[in-house]
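Student: Predicted model, plus sequence, below.
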Amino acid sequence: MPKIAEIEFTPNPNARKFVLKEPLTYGVTRSFENASEAAVDELGALIFAIPHITNVLYVDNWVTVTQDGEADWSDLQREVAVPIREAPAAEDFNEKAREAAMWLGKSDDVSPEVKEKLAEINEILDAEVRPYLQGDGGDLFVVGLEDNILQVHYQGACGSCPSSLTGTLAGIQSLVNRVDPNLEVVAV
C-alpha cells in the first residue's frame, strides 16, 4: 500500500498531484475521463466514486485527480487519499494493463513511414514535453496521425487546463515541425 509523500498544486486549480513513496505502476499510464472509463480499474473506480471527481491519471509514483471546481480541496484531498493509500503497489499491477498501454506507433495498421514519423515525434515529446507536463500532474499521448494532422490528447491536470490548449500546444507544434513542417497539431 503506497504512502503519500506530498500533495502538490498544479497549474490547473481544479487538480492536485499526489506524490507517492512507492510506485503504483512501472511506466504504465492509467487515465480516465469519467466514471464509466474508470470502471475497469479498481483505483480509478474508487476515486470516481467520490463526488465532484472529473478525471484521474496515474503512473509510477504519482496520481493526479481533477475535480469539477465545486468541492473544497481540503476535504476532497482527505477523501481521495483513502483509496490511494489502499491501492496495490506496482508489484501487484495487472499485466493486462501493460498490454493495453501499447501506443499507436506499434500497431500493424500503420505504414512504416508513419510509424517512423510517430516514433520520432514521441522521442521529441518524451525528451522535451512530457517531463514538464508530468511535473505538473498531467501527460500527453499521441492519438493518431492522418492527412498531416497529428492528434494529441492531454491527460490529468493538463486535460482541463487552459494553458494546455494555448501555450503548450503552440510549443508542441513548433517541436513537431522539426520532424515535418507540414504537420498540424490538434488537441482532441
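Tutor: Received, thanks.
Student: now the helices for the chain?
Tutor: For the chain, the helices defined by DSSP state H cover 35-38, 42-48, 73-86, 95-100, 112-128, 130-135, 167-179.
Student: care to break this protein down by domain?
Tutor: Under the assignment automatic domain parsing, the domains of the chain span 4-99, 102-187.
Student: which residues does the residue nearest to residue 144 when sequence neighbours are not counted bridge with?
Tutor: Spatial nearest neighbour of residue 144, excluding adjacent residues (CB to CB, 6 or more residues apart in numbering): residue 151 at 5.0 Å. For the C-beta atoms, the positions are set from N, CA and C on the backbone; glycine is no exception. Here residue 151 sits in beta bridges with residue 144, residue 186, going by DSSP bridges.
Student: and if you look at the one 5 residues further on?
Tutor: The residues paired with residue 156 through beta bridges, assigned by DSSP bridges, are residue 138.
Student: quick one: it and residue 54 touch, right?
Tutor: No - if you go by CB atoms under 8 Å, residue 156 and residue 54 don't touch, sitting 11.0 Å apart.
Student: what's the neighbour count on the nearest residue to residue 18 once chain neighbours are set aside?
Tutor: Counting by CB to CB, 6+ apart, residue 18 lies nearest to residue 63, which is 4.5 Å off, once chain neighbours are set aside. By other CB atoms under 10 Å, 29 other residues sit near residue 63.
Student: hang on, the earlier thing: return the most buried member of the helices of the chain.
Tutor: Highest mean neighbour count of the helices of the chain: helix 42-48, a mean of 20 (counted as mean count of other CB atoms under 10 Å).
Student: related to what we said a few turns ago, and the helices of the chain, which one averages the lowest pLDDT?
Tutor: Among the helices of the chain, helix 95-100 carries the lowest mean pLDDT, a mean of 41.
Student: was I right about residue 173 contacting residue 184?
Tutor: Yes - using CB under 8 Å, residue 173 is in contact with residue 184, at 7.5 Å.
Student: Touching both of the two, which residues are there?
Tutor: Shared contacts of residue 173 and residue 184, defined by CB atoms under 8 Å, 6 or more residues apart in numbering, are absent.
Student: circling back: looking at residue 156 and residue 54, which is more packed in?
Tutor: residue 156 (31 against 19).
Student: For that one, list the residues it contacts.
Tutor: Applying CB under 8 Å, 6+ apart to residue 156 gives the contacts 15, 17, 31, 55, 57, 64, 66, 133, 137-139.
Student: Thanks a lot, see you next time.
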